[in-house]
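Participant: Output the structure for:
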Amino acid sequence: MVEVAQHAEAAGIESVWTFEHVVVPADYESKYPYDRSGKMPATPETCFFDPLISLSHVAAATKTIRLGTGVNIFPQTNPMLFAKQTASLDALSGGRLTLGLGIGWLAEEYQAMGTPFERRGARFDDYLEAVKKVWSGEVVEHESEFLSWHGFKSYPTPAQKPHPPILIGGTTTKTLQRVVNAADGWYAPSDSQQELTEKIAQLKEMSAQARHHDELADRGASGCTTRTRGPRNQARGRDARRNRRIGPDEGDRPDRLPGGIVGLTGPRQGQALQASPSASHGMFGSIVQSPP
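Facilitator: Numbers count the residues shown, from 1 in each chain. Okay, the predicted model is just below:
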């Protein structure tokens, strides 16, 4: 793993990425959404090394290459421990962490983790809002359906401010709305040029609508209209607006998004992820990102 990362860094590759599955059931009823067979291309014996431990291992042996999770299954984790581990990794690596987060599809894995599979989308949204408060370094106050956090701070905070870049993976409309509302980019689990073009167009439209709503909210102070701002505008201010610069500027290239990178997964290695699912490397890959 370290040798692959060092070689990538020496070759000028911008980032290396991990995958996450805590368990791979011998058999499962859940349907893998990115293959017609309904099964993911991994056996129960596939070595899925823990992403954050793997990236810490790589960080200690590299200097400049960025460290990405592609993606971590966020709602099934302990969000407080996740906040602590990711802040520590970003601080120790000198601000090189990029967080790809997803909701997940494997109900059997959620069951093994002791987390309800139902309402995982709502749990994702709540956890992300709460974890950002932990990363802020301020006193945390967060009461919700899923969490009751009050009166504490957690240090270190991430080296990157206000936190590491967040990419959200998935292709549903709800996922794309989360990208616009709360993330810095989209992690695209597809190698289809047509699907990417369609989804990028959808992201651009959602982004434009979000900017329009903010403009209306800003004008509300002058008596034109009013709107209650959502969580994306709390605590981040300017960064919340920056998150919505979604959509390529140069000929609708699917490999580039201003303000966020589309990370492709699949066999299209020229543009995308090259994974080495071997016993020696585990599920570990590298992705070439276009410069902003």
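
Participant: Tell me which residues of the longest helix along the chain come out buried.
Facilitator: Using DSSP state H, we find that the single longest helix of the chain is helix 193-220. Across helix 193-220, burial judged by 16 or more other C-beta atoms under 10 Å covers 196, 199-200, 202-204, 206-207, 210, 214, 217. For every residue, glycine as well, the C-beta is placed using N, CA and C.

Participant: For it, what is the distance to the chain centroid?
Facilitator: In this view, helix 193-220 has its centroid 19 Å away from the chain centroid, taken as C-alpha atoms, centre = their mean, to the nearest Å.

Participant: returning to that earlier point: what's the most distant pair in the buried residues of helix 193-220?
Facilitator: Greatest spacing in the buried residues of helix 193-220, by C-beta to C-beta: Leu196 and Ala217 (31.2 Å).

Participant: what's the burial count for Phe124?
Facilitator: 25 (other C-beta atoms under 10 Å).

Participant: Let me see the contact set for it.
Facilitator: Residues near Phe124 by C-beta atoms under 8 Å, 6 or more residues apart in numbering: 74-75, 101, 103, 178.

Participant: If you rank those by neighbours, which is first?
Facilitator: Busiest of these [other C-beta under 10 Å] is Leu101, holding 28 neighbours.

Participant: Tell me how far it lies from Pro75.
Facilitator: 9 Å (C-beta to C-beta, to the nearest Å).

Participant: Pro33 too?
Facilitator: Distance, Pro33 to Pro75, using C-beta to C-beta: 16 Å.

Participant: So which bits of stretch 15-22 are buried?
Facilitator: 15-21.

Participant: and these as CSV, adding distance to Ile65 and secondary structure?
Facilitator: Shown next, in CSV, are those (distance: C-beta to C-beta, whole Å; DSSP: H, G, I helix; E, B strand; the rest coil):
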residue, distance to Ile65, secondary structure
Ser15, 6, strand
Val16, 6, strand
Trp17, 11, strand
Thr18, 13, strand
Phe19, 17, coil
Glu20, 19, coil
His21, 24, coil
